[in-house]
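In: Need coordinates for the following:
(4 chains)
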There are 2 protein chains.
Amino acid sequence: MLKYALLGFLNYQTASGYDLKQLMDVSTSNFWHAKQSQIYTTLKALEKDALVVSHIEPQESRPNRRVYEITTAGQEDLKNWTAQPITEIESRKEKLLLKLFFSAQLEPEIILTELRLQKNLHQAQLEKYQTITKEVIKQFASSLDMQEDAKLWETTRRFGELYTEMYIRWLDETIENLEG
Amino acid sequence: MLKYALLGFLNYQTASGYDLKQLMDVSTSNFWHAKQSQIYTTLKALEKDALVVSHIEPQESRPNRRVYEITTAGQEDLKNWTAQPITEIESRKEKLLLKLFFSAQLEPEIILTELRLQKNLHQAQLEKYQTITKEVIKQFASSLDMQEDAKLWETTRRFGELYTEMYIRWLDETIENLEG
DNA sequence: GATTTATATATAATGTTTTATATATAAAGG
DNA sequence: CCTTTATATATAAAACATTATATATAAATC
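Out: Coordinates of the predicted model:
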């Protein structure tokens, strides 16, 4: 799947592995993230499959950049993928819930401390979605002149916002439940 | 992490790989799922680490069962893990959002069809959480006489409910957005 | 002046997860 | 009667993802 995230970005403009890591961190990390090492190895695999090509861009006083460009085959592959409907629900993995499920023997105070910490983290995250992420989308929309595309980007930001609000609500309910 | 899901269940009662797969499917699949093959290989690894022990339970007219039992070391490991706080936010992967993010070139009707399909799937899922999952928790609570533990199980079910309601709300918003 | 952060790529080793396959029998459904 | 579903375990192969490490320089911060 990372494959398509990378092709998706390269379909807008050429980019290095370093660029792509940063792009993902500020835009898709809400619903798709990757480590640097995976991005670099996946780009290499994409080039082997001729879905992208790269060339070295020499730099003075900075390490040289390997800049990737999507090929026609890459664009086709990407379009095929986006047209393919998803017919199931995505399954989640939530370590916190797993731990909670098996925490009956723990002191309630220990659980409560953890839930309160999570609340702080999610409140900070919510603010990021409402300020930084919103701003980043605006910036890209105007710098790339992609107001139409930005509407879709905004829906994914909105998901992050709603999700985090839901999470905080669930934490509040659960905290109250354990306190009472 | 699957390791702790398995230890967590075995801390309640002995079980075979087959049992554990079924248990997870009806209880934790909302926040932690695993394939049969991973469960069997992880159980084997746990036994190698002496966190569980197994013995064969012969059956007539059914394949023999390999029944696992948690060891004292396993119980300690589990307790250490539950006591260890999680200090970050869990990151999600949502294929649908990734696809949507890069779907600007697609016909809006194709996107809308997909979102409407997802709405149906999530509505069915919501009903499951509100009926089947709720009932399963009640059953386990009374058959194991674990009313206190069941309160925690219920909070995880509630997460699934809230999450799915949120998802449907986001789908509604997004559908309206693309229609308008 | 020393440390940290940012720029930039690359790969080895390890860990996690999925897909696929093999085997065998009984019960249930069409 | 035939097919599917349920019971039950096991492993190989592949795909996906994380952790760790190496290298090098400039800018920013303490």
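
In: Show me what secondary structure element comes after the worst-scoring helix or strand of chain A on mean pLDDT.
Out: Here the helix or strand of chain A ranked lowest by mean pLDDT, DSSP states H and E is helix A:134-143, holding a mean of 93. Sequence-wise, the next helix or strand downstream of helix A:134-143 (DSSP states H and E) is helix A:147-179.

In: So which elements touch that next one?
Out: helix A:108-128, helix A:134-143, helix B:95-101, helix B:147-179 (3 or more C-beta pairs under 8 Å, 6 or more residues apart in numbering or on different chains; DSSP states H and E). C-beta coordinates here come from the backbone N, C-alpha and C atoms, glycine included.

In: which of these sits most buried?
Out: Among the helices and strands packed on helix A:147-179, helix B:95-101 has the highest mean neighbour count (mean count of other C-beta atoms under 10 Å in any protein chain shown), at a mean of 22.

In: Please determine how far the most centrally placed residue in chain A is located from DNA strand D.
Out: Centroid-nearest residue in chain A: residue A:29, 1.8 Å away (criterion: C-alpha atoms, centre = their mean). According to C-beta to the nearest atom of the strand, to the nearest Å, residue A:29 stands 11 Å off from DNA strand D.

In: Contacts only, for that residue.
Out: residue B:91 (C-beta atoms under 8 Å, 6 or more residues apart in numbering or on different chains).

In: Spell out which helix or strand contains it, please.
Out: With DSSP H and E as the test, residue A:29 turns up in no helix or strand.

In: And residue A:69, by the same measure?
Out: Per DSSP H and E: strand A:65-70 holds residue A:69.

In: partners of that strand, with directions?
Out: strand A:15-16 (antiparallel), strand A:52-57 (antiparallel) (DSSP bridges).

In: Could I get the average pLDDT for the first one?
Out: Spelled out, it's strand A:15-16. Averaged across strand A:15-16, pLDDT comes to 96.

In: Any part of that strand near DNA strand D?
Out: No. Judged by C-beta under 7 Å from any atom of the strand, strand A:15-16 makes no contact with DNA strand D; its nearest approach is 13.7 Å.

In: hmm, the following helix or strand past that strand in reach of DNA strand D?
Out: For strand A:15-16, the following helix or strand on the C-terminal side (DSSP H and E) is helix A:17-26. No. Using C-beta under 7 Å from any atom of the strand, helix A:17-26 stays clear of DNA strand D, coming no nearer than 10.6 Å.

In: Convert helix A:17-26 to CSV, retaining C-alpha atoms only.
Out: Output of helix A:17-26 as CSV, limited to C-alpha atoms (Å, rounded to 0.1, in the frame of the first residue of the first chain):
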residue,chain,number,x,y,z
GLY,A,17,12.8,9.9,-0.6
TYR,A,18,13.5,12.6,1.9
ASP,A,19,10.8,14.9,0.5
LEU,A,20,8.3,12.0,0.4
LYS,A,21,8.9,11.2,4.1
GLN,A,22,8.3,14.8,5.0
LEU,A,23,5.2,15.0,2.8
MET,A,24,3.7,11.9,4.4
ASP,A,25,4.5,13.2,7.9
VAL,A,26,2.5,16.4,7.4
